[in-house]
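Chemist: next one to model:
(one chain, ligands or ions: 1)
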Amino acid sequence: MQALNLFTRFAPNKTFVALILGLVSGLLYSMLIPIVMLAISTQTNSDAMTSRIVDVLGFEVSNWTLAVVFFTVCSSIILLSTLSEIILTRMALDIRSRLRRDIYQKVQDASIGDVDKVGRSSLLQALATDVPTIIGGAQALPGLVSNCVIVFAMLGYLSFLDLDIFYFVSKTVLCGSVIFLVITYFGNHYYKIARLAQDRLQAAFLAAVSGVKELKLSRKKYTFFEQKILLKEELEVRDLQKKGRTFHILANNFGDAMFFVTIGFISFILVNYYHFSNSELVAIVMVLLYLSGPISMILSLLPTLSIANISVDKLNTLFESLPSESYDEASDKKLEWKSLQLRNVEYKYNAQGGDNNTSDSFGIGPIDLSINAAEVTFIIGGNGSGKSTLAKVIAQLYKPCSGEVYFDNELVTEKNINTYRQGIVTIFSDYHLFPQVLMDHKEYDKEKHKLEKHLKYFGLEDKVSVDDYEFSTLDLSDGQRRRLALVIAMIDVPQLYIFDEWAADQDPEFKRVFYQDILPYLRSRGSAVLVISHDDRYFSHADKLVYVEDGKIASVEYPEKPEQLEKVNTKKNVDIEGIA
Ligand SMILES: Nc1ncnc2c1ncn2[C@@H]1O[C@H](COP(=O)(O)OP(=O)(O)OP(=O)(O)O)[C@@H](O)[C@H]1O
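Modeler: The predicted structure is shown next:
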C-alpha cells in the first residue's frame with residue numbers, strides 16, 4: 001500500500017481518476033457475460049425472437065435492445081481504456097519526474113556528510129532502479145482495481161446463478177489467496193535482499209569504471225576485483241532475483257492451477273451432486289472461464305506491486321537518511337561581513353551515527369580562529385592533520401558538532417546558513433567542473449567578456465572558449481582544469497575564497513602567478529582568502545599562517561612580507577589588473 005500512498009501524495013487527482021476509470025471499466029467488463037447470457041437465454045423463446053429481429057445494414061440482428069446495450073458497453077470499455085491509458089501514462093511520467101526531482105532536491109538540501117554517507121551508488125541505484133519500479137507499480141494499480149471489480153461482480157453474478165457454487169468458489173478463492181500470499185511473501189523476501197545487493201553491485205561497478213586504468217594495467221588485480229568483488233555482487237543479485245522471481249511465478253501458476261481445478265471440479269464432480277440445468281451449467285462454466293482472465297491478471301500484477309512497495313520502502317529509507325539540514329531559503333542578497341569566527345568549534349566524522357560510527361573516527365577541535373576580509377590566511381600542516389576538514393567547516397559545508405560560528409556578530413544558525421554560503425567560493429581537491437557557465441542570461445552577457453579575459457590571462461584562450469553558455473571542451477590537463485576552475489571562481493567577488501592545494505599541480509610559473517599575483521589581487525577586491533598549501537616557498541606571502549596538527553591549531557603566525565615581490569606575468573604577459 002506504500003505505493004498507493006505515494007501516488008495519492010504525488011498525483012492525487014490523477015490517481016483518483018485512474019482508479020475510478022479502473023473501477024468503471026471493471027463494472028462494464030463484468031456486464032458483458034450477463035448480457036450475452038441474457039441474449040442466449042432469450043433465444044429459446046422463438047416467437048419473441050422473431051418479433052425482435054431487426055434488419056441493420058442488411059444483417060438480421062436478433063434481440064435488438066440487448067445488442068445496443070452490448071455495443072454501448074463495449075464502446076464504453078474501449079473509450080475508458082483509451083482514456084485510462086492516456087491518464088495512466090501521464091500520471092506515471094508525472095510521478096517519475098516528481099520522484100527524480102525529490103531525489104535531486106534531497107541531495108541538495110542534505111548535509112555533505114549525509115550525502116557522503118549515503119553514497120553515489122545508492123543514489124544512482126534509486127534513480128535507475130527504484131523510480132522505474134515504482135512507476136511499474138503505478139501503472140499496475142488501475143488494472144488491479146478493474147480486475148478486482150470484475151472478480152467481485154462475477155462472483156456476485158455467480159451467487160445469482162447458484163448460491164452453493166458461489167460459496168464453493170469464494171472459499172476456494174480465499175484459500176488460494178492465502179496460499180498465494182504466503183508464496184509471494186517468500187518471493188518478496190528475496191527481492192528485498194536483492195535490492196540491497198544491487199546497491200553494492202552499483203558501488204562495485206562505479207569502482208570498476210573509476211579504476212579502469214589501474215585494473216587494465218594489472219591482470220592480477222583485475223582478476224581479484226572481478227572474481228571477489230564485481231562478479232560476487234553480480235551473481236548474488238542474479239541468484240536472489242532468480243529465487244524471488246521463481247516464487248512469484250510459482251505463486252502465479254498456483255493461482256491459475258487452483259482456478260482450473262475449481263472449474264474442473266465443478267464441471268466433472270459437483271454436477272453429479274447438484275442438479276443443474278444445461279443452461280445453468282453453461283452459464284456457471286462461462287462465468288468461471290471468464291473469471292480466469294482477471295484472476296490471472298491480478299496474480300501477475302500483485303508481485304509487480306509488491307516489488308514497487310519494496311522500492312518505495314527503499315526510497316523512504318534513502319530520504320530519511322538525507323534530512324534537510326536547514327530551513328533557510330538562501331536569499332540572493334549577499335550578507336557582507338568583515339570577520340568569520342570559529343569559537344570552540346569541534347567537528348567529528350560520523351558523529352551522527354551510522355555504521356562507521358567508531359569512537360576513533362577523525363575529528364577536529366576545539367578550534368578558535370578568525371578569518372578576516374581582505375586578508376590571505378594560509379592553513380598549513382601535515383597530510384591528514386585536518387586542514388581540508390577545517391576548511392569545509394569554515395565553508396559552512398560541515399556543521400560543527402559543538403561550538404559556534406559567527407559572521408561578525410551574527411551566529412550561524414539553520415535560518416541563515418544558506419544565505420551565508422552564497423558568499424563563499426571554493427576550489428577543493430574534489431572540485432567539479434560544470435561544462436556550462438551557470439549564469440542567467442543577463443549575468444552571462446555582462447560577464448562573458450570578463451570570462452574571455454580570464455581565459456587569456458590563465459593561458460587557456462587557445463584551449464577553451466565559451467559559446468552560448470558552453471565551454472568548448474573540458475578535456476584538459478589537470479593543471480589546466482584547475483586554472484579553468486579558477487577562471488570561473490574569479491568571475492564572482494565573494495566574501496570568502498577557499499583554495500585547497502590549488503597550486504599543487506601547477507607548473508612553477510603558474511604557482512608564482514597564483515601566490516604572487518592572484519592572491520593579492522583577490523585580497524585587494526576585499527575578499528577573505530583561505531589557502532591550504534604545502535608550498536613552503538610561498539608561506540611568506542600569507543598575512544596569517546595557521547598551522548594545524550592532529551585536528552587542532554598548533555600555532556598562528558603573521559609572517560614578515562618579502563620586501564620585493566618578484567612580479568611575474570603569464571606567458572601572454574597580461575597584467576592581473578587588466579582582467580578585472
Ligand atoms: N569523508 C570522511 N569520512 C571520514 N573520515 C574522513 C573523511 N575525510 C577525511 N577523513 C579523515 O580526516 C582526516 C583528515 O583529513 P583531511 O582531508 O582534513 O586532511 P588534510 O590535512 O587536508 O590532509 P592532506 O594534506 O593530505 O590533504 C583523515 O586522516 C581521514 O581519516
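Chemist: and after the host helix or strand of Ile165, which helix or strand comes next?
Modeler: Here Ile165 is covered by helix 163-210, with elements defined by DSSP states H and E. Using DSSP H and E, the next helix or strand after helix 163-210 towards the C-terminus is helix 212-216.
Chemist: ok, back up a step: and the helix holding Ile165, what's its mean pLDDT?
Modeler: Averaging pLDDT along helix 163-210 yields 91.
Chemist: buried residues in the strand or helix carrying Phe152?
Modeler: Here Phe152, judged by DSSP H and E, is contained in helix 131-161. Within helix 131-161, the residues scored as buried using 16 or more other C-beta atoms under 10 Å are 131, 133-151, 153-155, 157-158, 161. Every C-beta, even on glycine, is put in place using the N, C-alpha and C of the backbone.
Chemist: again with stretch 505-515
Modeler: Buried residues in stretch 505-515, counted by 16+ other C-beta under 10 Å: 506, 510-515.
Chemist: pull up the distance across it, start to finish.
Modeler: Stretch 505-515 has an end-to-end distance of 14 Å (criterion: C-alpha to C-alpha, to the nearest Å).
Chemist: show the average pLDDT along that stretch.
Modeler: For stretch 505-515, mean pLDDT rounds to 93.
Chemist: stretch 102-112 too?
Modeler: 91.
Chemist: any part of it near the ligand?
Modeler: No. Stretch 102-112 stays clear of the ligand (C-beta under 6 Å from any ligand atom), getting no nearer than 8.6 Å.
Chemist: distance from that stretch to the middle of the chain?
Modeler: Distance, stretch centre to chain centre, for stretch 102-112: 10 Å (C-alpha atoms, centre = their mean, to the nearest Å).
Chemist: and it, which residues are buried?
Modeler: For stretch 102-112, by 16+ other C-beta under 10 Å, it's 103, 106, 109-111.
Chemist: ok, the residues you listed vs Asn350, which is closest?
Modeler: Of all those, Asn350 sits closest to Ser111, with 12.4 Å by C-beta to C-beta.
Chemist: contacting residues for the closest residue to the closest one other than its chain neighbours?
Modeler: Closest residue to Ser111 apart from its sequence neighbours, by C-beta to C-beta, 6 or more residues apart in numbering: Glu325 at 4.2 Å. By C-beta atoms under 8 Å, 6 or more residues apart in numbering, Glu325 lies in contact with 109-111, 114, 399, 414, 417.
Chemist: next one: Glu325 from Thr413, what distance?
Modeler: Glu325 sits 11 Å away from Thr413, taking C-beta to C-beta, to the nearest Å as the criterion.
Chemist: need the contacts of Glu325 in a markdown table with secondary structure, can you?
Modeler: Shown next, in a markdown table, are the contacts of Glu325 (DSSP: H, G, I helix; E, B strand; the rest coil):
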| residue | secondary structure |
| --- | --- |
| Asp109 | helix |
| Ala110 | strand |
| Ser111 | coil |
| Asp114 | helix |
| Lys399 | coil |
| Glu414 | coil |
| Ile417 | helix |
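Chemist: pretty sure Ile364 sits against Lys387.
Modeler: No. The pair Ile364 and Lys387 does not pass the contact test of C-beta atoms under 8 Å, sitting 9.2 Å apart.
Chemist: overlap in contacts of these two?
Modeler: Joint contacts of Ile364 and Lys387 (C-beta under 8 Å, 6+ apart) are Val548.
Chemist: pLDDT score for Asp355?
Modeler: Asp355 is given a pLDDT of 44.
Chemist: likewise Asp328?
Modeler: If you check Asp328, the pLDDT there is 66.
Chemist: state the distance from the residue nearest to Cys175 when sequence neighbours are not counted to Ile179.
Modeler: Closest residue in space to Cys175, ignoring its immediate chain neighbours: Met258 at 7.9 Å, by C-beta to C-beta, 6+ apart. Using C-beta to C-beta, we find Met258 at a distance of 8 Å from Ile179.
Chemist: what comes up buried for stretch 546-562?
Modeler: 546-548, 551-553.
Chemist: can you put these in CSV and add secondary structure?
Modeler: CSV is the format used below for these (three-state DSSP):
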residue, secondary structure
Val546, strand
Tyr547, strand
Val548, strand
Gly551, coil
Lys552, strand
Ile553, strand
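Chemist: closest one of these to Thr377?
Modeler: Proximity of the buried residues of stretch 546-562 to Thr377 (C-beta to C-beta) peaks at Val546, which lies at 6.2 Å.
Chemist: surely the closest one and Val556 touch.
Modeler: Yes. When contacts are counted by C-beta under 8 Å, Val546 is listed as touching Val556 (5.4 Å).
Chemist: give the residues shared as contacts by those two.
Modeler: Leu369.
Chemist: can you report phi and psi for Arg343?
Modeler: Arg343 adopts backbone torsions of phi -120, psi 110, taken as degrees, to the nearest 10.
Chemist: so how far is Val282 from Tyr167?
Modeler: The gap separating Tyr167 from Val282 is 20 Å, by C-beta to C-beta.
Chemist: correction: the previous question concerned Ser177.
Modeler: For Ser177, the distance to Val282 equals 27 Å [C-beta to C-beta].
Chemist: over to Ser75?
Modeler: For Ser75, the distance to Val282 equals 27 Å [C-beta to C-beta].
Chemist: got it, and Glu336?
Modeler: For Glu336, the distance to Val282 - C-beta to C-beta - is 88 Å.
Chemist: quick one: which of the buried residues of stretch 102-112 is nearest Leu217?
Modeler: Ile103 (35.6 Å).
Chemist: after the lowest-mean-pLDDT helix or strand in the chain, next one along is what?
Modeler: Least confident helix or strand of the chain, by mean pLDDT, DSSP states H and E, is helix 46-52 with a mean of 57. Using DSSP H and E, the helix or strand that follows helix 46-52 in sequence is strand 54-56.
Chemist: please name the strands paired to that following strand in the sheet, noting orientation.
Modeler: Neighbouring strands of strand 54-56 in its sheet, by DSSP bridges, are strand 59-61 (antiparallel).
Chemist: where does pLDDT dip in the protein?
Modeler: Low-confidence regions of the chain, defined by pLDDT under 70, span residues 1, 43-52, 327-333, 352-359, 562-580.
Chemist: can you list the domain ranges for it.
Modeler: 2-320, 339-579 (automatic domain parsing).
Chemist: is there proximity between the last one and the ligand?
Modeler: Yes. With C-beta under 6 Å from any ligand atom as the threshold, domain 339-579 lies in contact with the ligand, specifically through 349, 362, 381, 383-389.
Chemist: residues from the stretch 201-350 of the chain in reach of the ligand?
Modeler: So the stretch 201-350 of the chain meets the ligand at Tyr349 (C-beta under 6 Å from any ligand atom).
Chemist: pick out the residue of the stretch 201-350 of the chain closest to the ligand.
Modeler: Tyr349 (3.5 Å; C-beta to the nearest ligand atom).
Chemist: for the ligand, what is the nearest residue in the stretch 51-200 of the chain?
Modeler: Asp116 (5.2 Å).
Chemist: need the strands for the stretch 251-400 of the chain, in chain order.
Modeler: 339-348, 363-372, 376-380 (DSSP state E, counting those that start in this stretch).
Chemist: of these, which stretch is the most buried?
Modeler: A comparison of the strands of the stretch 251-400 of the chain by mean neighbour count, using mean count of other C-beta atoms under 10 Å, puts strand 376-380 on top with a mean of 24.
Chemist: contact partners of it?
Modeler: Here strand 376-380 has contacts from 371, 387, 390-391, 519-520, 522-523, 528-534, 536, 539, 541-548, using C-beta under 8 Å, 6+ apart.
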